[in-house]
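> Turn this into a model:
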Amino acid sequence: VQLQASGGGLVQAGDSLRLSCAASGGTISRYHMAWFRQAPGKEREFVARISSSGGSTSYTESVKGRFTISRNDAKNTVYLQMSSLKPEDTAVYYCAADPFYSSFREREYDYWGQGTLVTVSS
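Got it, this is the predicted structure:
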């Protein structure tokens, strides 16, 4: 499966943004999906995950209550709705997929999108 992340941009602190991850070459209904991000000069980190059924989600502590991950299998797309954005949310956001593992561990995802840049100004 190929993943294409989009929706990034330059926003101000407090704004909202929705990222999309469109899949091709396969149906995402078979996959556990996740979002990771990499801030400048830092390692890539887990942001949110959603199980293949959509029945289970989890978030890194810093985004809980502000970000929501969801999926629309009919559109073969996963979303990350981000609100109350902060400058520390500035990063390249990557979507990832795996048919077996629903995890916060980067190494357990086999398929990755190219990333979309989110910049939050103060």
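> center of this protein, which residue is that?
residue 35 (2.5 Å; C-alpha atoms, centre = their mean).
> Secondary structure element for the closest residue to that residue other than its chain neighbours, which one?
Closest residue to residue 35 apart from its sequence neighbours, by C-beta to C-beta, 6 or more residues apart in numbering: residue 47 at 4.3 Å. Where you see a C-beta, it was placed from the backbone N, CA and C, and this is true even at glycine. Assigned by DSSP states H and E, residue 47 belongs to strand 45-50.
> who does that strand pair up with?
strand 32-38 (antiparallel), strand 57-59 (antiparallel) (DSSP bridges).
> Quickly run through the sheet partners of whichever helix or strand comes after the last one, with directions.
This means strand 57-59. Going down the chain from strand 57-59, the next helix or strand is strand 67-72, by DSSP H and E. Looking at strand 67-72 with DSSP bridges, its partner strands are strand 77-82 (antiparallel).
> What residues sit buried inside the partner strand?
Residues of strand 77-82 classed as buried: 77-80, 82 (neighbour count, 16 or more other C-beta atoms under 10 Å).
> cool, and stretch 43-58?
44, 46-50, 52, 57.
> biggest separation within those, which pair?
44 and 52 (22.2 Å; C-beta to C-beta).
> Residue 34 bridge partners, please.
Under the criterion used (DSSP bridges), residue 34 bridges to residue 49, residue 96.
> can you count the residues close to it?
30 (other C-beta atoms under 10 Å).
> quick revisit: tell me the least confident of the buried residues of stretch 43-58?
Comparing pLDDT over the buried residues of stretch 43-58, the lowest score belongs to residue 52 (94).
> Would you mind confirming that it makes contact with residue 102?
Yes - if you go by C-beta atoms under 8 Å, residue 52 and residue 102 touch, sitting 7.2 Å apart.
> what sits against the residue nearest to residue 110 when sequence neighbours are not counted?
Spatial nearest neighbour of residue 110, excluding adjacent residues (C-beta to C-beta, 6+ apart): residue 98 at 5.3 Å. Residue 98 sits next to 31-32, 34, 108-111 when contact means C-beta atoms under 8 Å, 6 or more residues apart in numbering.
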